[in-house]
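A.B. asks: mind folding the following:
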Amino acid sequence: MQHRCPDCGVTMEEVKFGMDDAWNPYVNTGEKRTGLLGKLGMNERKDVTTVMCPECGLLRQYAEFEE
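C.D. replies: So this is what the prediction gives:
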């Protein structure tokens, strides 16, 4: 999916987002996982994609949902 910068109107580009302590960002949806993990109280997690505007440098993060 392409995202457009709300300020510049150009297509934002996917970038690798990093942090010094090297953990991966994710979103916890609060929904129970399916199967045994859900029964153990584990919640669903979604990976996060980071995009950046090549004009102004605005960063946005989007949770990845299957279509």
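
A.B. asks: ends of stretch 50-61, how far apart?
C.D. replies: 4 Å (C-alpha to C-alpha, to the nearest Å).

A.B. asks: and for that stretch, what are the contacting residues?
C.D. replies: Here stretch 50-61 makes contact (C-beta atoms under 8 Å, 6 or more residues apart in numbering) with 3, 5-8, 10, 12-17, 25, 48-49, 62. For the C-beta atoms, the positions are set from N, CA and C on the backbone; glycine is no exception.

A.B. asks: so where's the protein shaky on pLDDT?
C.D. replies: Regions of the chain meeting the criterion pLDDT under 70 cover residues 18-44, 66-67.

A.B. asks: now do the helices in it.
C.D. replies: Taking DSSP state H as the test, the helices found in the chain are 35-39.

A.B. asks: buried residues, the longest strand along it. List them.
C.D. replies: In terms of residue count, the longest strand belonging to the chain (DSSP state E) is strand 43-52. Buried residues in strand 43-52, counted by 16 or more other C-beta atoms under 10 Å: Thr49, Thr50, Val51, Met52.

A.B. asks: got it, and stretch 54-64?
C.D. replies: Tyr62.

A.B. asks: now the end-to-end length of it.
C.D. replies: 22 Å.

A.B. asks: that older thread, which of the contacts of stretch 50-61 count as buried?
C.D. replies: The neighbour-count criterion (16+ other C-beta under 10 Å) marks Cys5, Met12, Thr49, Tyr62 among the contacts of stretch 50-61 as buried.

A.B. asks: touching, Met12 and His3? I think so.
C.D. replies: Yes: Met12 lies in contact with His3 (C-beta atoms under 8 Å); the separation is 4.6 Å.
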